[in-house]
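Got a sequence here, can you model it:
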Amino acid sequence: MPTPEPGRVRLRERIGTGAFSTVWLGWDPELDAQVAVKILADNWAARADVRERFLAEGRLLRKVDSDRLVRVYDVGELEDGRPYLVMTYAAGGALADLLAVAPLETADARAVLAAVAEGLSVLHRQGIVHRDLNPNNILLLTGDPAADLYHDVVLADLGLAKEVAAASGLTQPAGTGAYMAPEQLDYSDRIGPATDVYA
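Numbers count the residues shown, from 1 in each chain. Predicted coordinates:
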């Protein structure tokens, strides 16, 4: 069954699939621009806690609204009841894709790290910890080989992000394998900016 269209956006092709959602390349005729549309997966749509976490990601991104993070332009619900987020489309894909081709030159690696650090600083000043920083969640806006990587990098996927001030006690283990700080491996109340720095 085809995926229903999210509002005025026209879906073009699937560009990513995760455990909880699918990301589509879309076209917004009103903005005259390509956008990414993140849609909650069918099998999680009935779970109130997963649905709320999905929508919380959109709220966090709107709250921070930085050039270093993907932006949310719209939120809505498909005809079948699944929520969606209309977001920045990063044409260059994920840093992980770039690294799969070849290691970065030292100057490029420094530029990416500087951009990531700036993005994390924006989050941390707002009291938010990303909790899942890894090369799949670092996106390149253009993917232009001639582009300055420092200006091309944005952070994405705040699905596991946590507002430290709003956190209550222990935190369930969450994150991506080799990028998880030691405090993420158990039910710890020590989640903080250092968690992202470790990643």
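
residues contacting the residue nearest the centre of the chain?
With distances taken as CA atoms, centre = their mean, the residue of the chain nearest its centroid is Asp157 (1.7 Å). Each residue near Asp157 by CB atoms under 8 Å, 6 or more residues apart in numbering is listed here: Gly18, Glu57, Asp132, Asn136, Asn137. (Glycine included, C-beta is placed from N, CA and C.)

What residue spans form the domains of the protein?
10-87, 95-198 (automatic domain parsing).

Nearest to Pro4, out of those domains?
Pro4 lies closest to domain 10-87 among the domains of the chain, at 4.4 Å (CB to CB).

mind listing the helices for the protein?
48-64, 95-101, 106-125, 149-152, 193-198 (DSSP state H).

Turn those helices into a markdown table, including mean neighbour count, distance to Tyr84 and mean pLDDT.
Formatted as a markdown table, those follow (neighbours: other CB atoms under 10 Å; distance: least, CB to CB, whole Å; pLDDT from 0 to 100):
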| stretch | mean neighbour count | distance to Tyr84 | mean pLDDT |
| --- | --- | --- | --- |
| helix 48-64 | 16 | 9 | 90 |
| helix 95-101 | 14 | 24 | 94 |
| helix 106-125 | 16 | 23 | 96 |
| helix 149-152 | 18 | 26 | 90 |
| helix 193-198 | 18 | 27 | 92 |
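
mind showing which ranges of this protein have poor pLDDT?
Applying pLDDT under 70 to the chain flags residues 1-2, 165-175, 187-189.

Name the nearest of the contacts of Asp157 relative to Arg68.
Of the contacts of Asp157, the one sitting nearest to Arg68 (CB to CB) turns out to be Asn137, at 12.5 Å.

That closest one - nearest residue in space that isn't next to it in sequence?
In space, and not counting its chain neighbours, Asn137 is closest to Asp157: 4.3 Å by CB to CB, 6 or more residues apart in numbering.

can you tell me how far that neighbour sits from Pro182?
Asp157 is 22 Å from Pro182, where distance means CB to CB, to the nearest Å.

How about Leu99?
As judged by CB to CB, Leu99 and Pro182 stand 24 Å apart.

wait, isn't Asp196 in contact with Asn134?
No. The criterion here is CB atoms under 8 Å, and Asp196 misses it with Asn134 at 10.7 Å.

which outside residues touch stretch 101-120?
With contact meaning CB under 8 Å, 6+ apart, stretch 101-120 is reached by 66, 68-69, 95, 98, 130, 133, 138, 148-155, 193, 196-197.
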